[in-house]
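Trainee: Next come a sequence and a model predicted from it.
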Amino acid sequence: MGKIKVTQCGDIEGLKVIEPTVFGDSRGYFMETYNYNDFKEAGIDVEFVQDNQSSSRYGVLRGLHFQISYPQDKLVRVVNGEVFDVAVDLREGSKTFGKWYGVVLSAENKKQFFIPKGFAHGFLVLSENAEFTYKCSDFYHPNDEGGLIWNDKDINVEWPIPEGMELIFSDKDQKWGSFKEYKNR
């Protein structure tokens, strides 16, 4: 191994922060952002089938999203800017069901976040602009979307919202239900 450093995220099983080895010199840098063999050796044996990229501006909060019947493993990273990225454990029977973990991902720190199936996911843009890219282990199914409201009191994500930041949401992200509703479905 040695090309990536993998850190378990608190006590939430399966969530991992990945830091690639960066080879830099006066010309710039090079890094492998994904190598199946290295990830498999680190316990992430996933076949990714789709790559996505989004661009968002300061204050955009996307999430908390999940696929209902076609859950996805995700490997997320930021290629420009900075976000606070969050995953919420929705795996029934998990000892951390309903718990969240957040990490700052940026073009500068080059960290990646592996989010296994069974998690809701979202992020808040902290820089002027951010380009966010992610790999998924299943295809997107538009009629299979689920979500939780970003400010659910039971989950209580501690979003790092600076004073004066005006949050920007999609219409659907303002209408997702609560964690309590999710548990009682």
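Mentor: Received, thanks. Since the model is a prediction, treat every value here as computed from it, not as a measurement.
Trainee: so how far is Gln67 from Asp25?
Mentor: Look at Asp25 and Gln67: by CB to CB, to the nearest Å, they are 41 Å apart. Every C-beta, even on glycine, is put in place using the N, C-alpha and C of the backbone.
Trainee: neighbour-wise, which of the two wins?
Mentor: Taking other CB atoms under 10 Å, Asp25 and Gln67 do not tie; Gln67 has more neighbours (17 against 7).
Trainee: which residues touch the more buried one?
Mentor: 138, 140-141, 144-146 (CB atoms under 8 Å, 6 or more residues apart in numbering).
Trainee: and what of Asp138?
Mentor: Contacts of Asp138 (CB under 8 Å, 6+ apart): 49-50, 67, 70-72.
Trainee: and it, what pLDDT?
Mentor: Looking at Asp138, its pLDDT stands at 97.
Trainee: element containing it?
Mentor: For Asp138, there is no enclosing helix or strand under DSSP states H and E.
Trainee: Distance check, it against Ala120.
Mentor: On the measure of CB to CB, Asp138 and Ala120 end up 15 Å apart.
Trainee: Any stretches of the chain with poor pLDDT?
Mentor: Along the chain, segments meeting pLDDT under 70 span 1-2.
Trainee: Which residue of the chain lies farthest from its centroid?
Mentor: The C-alpha centroid of the chain is most remote from Ser26, which lies 31.8 Å away (CA atoms, centre = their mean).
Trainee: quick one: strands adjacent to the helix or strand where Gly102 lies?
Mentor: Assigned by DSSP H and E, Gly102 falls within strand 100-106. Looking at strand 100-106 with DSSP bridges, its partner strands are strand 82-89 (antiparallel).
Trainee: got the contact list for Ile12?
Mentor: 87, 89, 96, 99, 101.
Trainee: Which one of those residues is nearest to Asn129?
Mentor: Ala87 (22.8 Å; CB to CB).
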